[in-house]
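Asker: Test case, fold it:
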Amino acid sequence: MTKNILPIIVLLLLSSSILNPSFAQQKTGFFQKIKIKKLLNEGKVLVYENDYRTALNVFRTVLSYDSSNATANFRVAECHLNLDKPRLGKKYALRAINLDSGTNKDVYFVLAESYHRLGELDLASESYQKFESKSSKNTNKDYETANRIKQCEYAKTSILNPVNATAENMGRRINSFNPEYAGSISSDGKTLVFTSRRADTKGGQIDEVSDNMYFEDIYISFWSDSLEEWSQSEPISGGINTTVHDAVLSISPNGNSIYVYKSENGGDIFVSRKREDGSFGNAGTIDKGKNVNSSYFESSASVTEDENFIYFVSDRPGGKGQADVYTARKIGDEWTKPINLGDSINTEGDENSVFIHPDGDILFFTSTGHDGMGSYDIFYSKKVNGKWSKAKNLGFPINTVGAEKTISVTRDLKTAYVSSTYKGSYGSTDIFKIDLSKIEF
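Answerer: Reported below is the predicted structural model:
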């Protein structure tokens, strides 16, 4: 008797589906909704972990089930924006709002940011204001909404008053479809090092824990006076690159030392020295005394000609904002206690990258805290009577509504190397050569 129960139940279910087709559709819809809810939560966690590539695939799966899901469209927009694809961010944000204007107030921020990155500044300002009206005072403070509206106005003024400078993509010998960034030039302008994430990274491994891209490696290229061109860039030989992340911070003015960022101990500064055969050895910590490196995040580092003064970025306690620029002096084998460069340089925002001229008298850095066009802009300050002057924006078109995060300059101050997504980039961040010869510092 028991053996016949299962076939009878199956027949009843089948007959129910035949007699009432909506029954089967309701069952399918029910399980699909559960699946969609699970995927949305899974993708949301990935977004919080900044794994936007994986999250994007998850939300695309949701849209394959239900293209009119407003939340999924919003999340796809968010992922595209964070993957430097503001045009797609705009497309999906608008779609999400059209489907359900109340889906998530953050969609207006994503839309505003997308407009901002695309240079559609009036629409950006309007969307920021709409987000501001829908959000609490604390949320607007966290998102720096008022400052972003101010950046839109600053950008419009800057574009109408450009500086006399031009940007040129350094070409296929340096750049690729993969991201290239943190370019750093020796003071003679003949050795360029930078970070990239290519298939020929040491070990050929992908960072599956973070963002499913190849691990970072440090690449090098040399200028040939006779050929008047840069050599094909390639990973630096020796022990400087490993099978995990290795990112360049700067090359010393004489080209004999490369300062490297490693994620150890919260993020520390290391240095690799050139060997007699031209390769670079294993990178070791610069700071046995733990004055420069700390248990906090240290990133970006640049040294003077004699390598006795270092300028670096840290988010250690006691700073002005998210991360500040500090300096320390080397006495013997030890670095002195770092000094915060103060209000003329540091802000409540984020100081991200620093370059000190070999002579130590002019400082270039990137920041979100000074008056800028949006995201990170490049600023400079001059040392006058031992004090740093108020930082000055380098201006448009060097700075744009995108993120200009790093800069390195030749000794004669005529050429800069900037990592950006200027017009003409090959698909991601590229290294661009900037003609500064007509700018007076």
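
Asker: Name the helix or strand for the residue nearest to residue 218 when sequence neighbours are not counted, please.
Answerer: For residue 218, ignoring the flanking residues on the chain, the nearest one in space by Cβ to Cβ, 6 or more residues apart in numbering is residue 248 at 4.6 Å. For glycine as for every other residue, the C-beta is placed from the backbone atoms N, C-alpha and C. In this assignment (DSSP states H and E), residue 248 forms part of strand 247-251.

Asker: quick one: average pLDDT of whichever helix or strand comes after that strand?
Answerer: Downstream of strand 247-251, the first helix or strand assigned by DSSP H and E is strand 257-262. For strand 257-262, mean pLDDT rounds to 96.

Asker: Looking at residue 185 now. What's its pLDDT?
Answerer: According to the model, residue 185 carries a pLDDT of 97.

Asker: Now do the same contact list for it.
Answerer: The contact partners of residue 185, by Cβ atoms under 8 Å, 6 or more residues apart in numbering, come to 191, 192, 251, 408, 409, 410, 415, 417.

Asker: Please enumerate the strands of the stretch 251-400 of the chain.
Answerer: Per DSSP state E, counting those that start in this stretch, the stretch 251-400 of the chain carries strands over the ranges 257-262, 268-273, 284-285, 298-303, 309-314, 324-331, 334-335, 339-340, 351-356, 362-367, 377-384, 387-388, 392-393.

Asker: can you put those strands in a markdown table and add mean neighbour count and distance to residue 58?
Answerer: A markdown table is the format used below for these (neighbours: other Cβ atoms under 10 Å; distance: least, Cβ to Cβ, whole Å):
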| stretch | mean neighbour count | distance to residue 58 |
| --- | --- | --- |
| strand 257-262 | 23 | 30 |
| strand 268-273 | 22 | 33 |
| strand 284-285 | 14 | 39 |
| strand 298-303 | 24 | 30 |
| strand 309-314 | 24 | 33 |
| strand 324-331 | 20 | 37 |
| strand 334-335 | 18 | 45 |
| strand 339-340 | 13 | 42 |
| strand 351-356 | 26 | 29 |
| strand 362-367 | 25 | 32 |
| strand 377-384 | 20 | 34 |
| strand 387-388 | 15 | 47 |
| strand 392-393 | 16 | 39 |
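
Asker: quick one, which of those is nearest to residue 98?
Answerer: Nearest to residue 98 among the strands of the stretch 251-400 of the chain is strand 377-384 (33.3 Å), distances taken as Cβ to Cβ.

Asker: and the closest one with strand 324-331, angle?
Answerer: In terms of direction (axes from the mean of the first three to the mean of the last three Cα atoms, to 10 degrees), strand 377-384 departs from strand 324-331 by 40 degrees.

Asker: and the angle from strand 377-384 to strand 351-356?
Answerer: Using the same axes, to 10 degrees: strand 377-384 against strand 351-356 is 50 degrees.

Asker: For residue 43, which non-adjacent residue is spatially closest?
Answerer: Leaving aside its chain neighbours, residue 43 sits nearest to residue 58 (3.9 Å; criterion: Cβ to Cβ, 6+ apart).

Asker: average model confidence for the one helix or strand that neighbour maps to?
Answerer: Element membership for residue 58 (DSSP H and E) is helix 52-65. Taken as a whole, helix 52-65 has a mean pLDDT of 96.

Asker: and the angle from the longest helix along the chain to helix 52-65?
Answerer: If you go by DSSP state H, the chain has its longest helix at helix 21-48. If you take the same axes, to 10 degrees, helix 21-48 sits at 170 degrees to helix 52-65.

Asker: Understood, closing this out.
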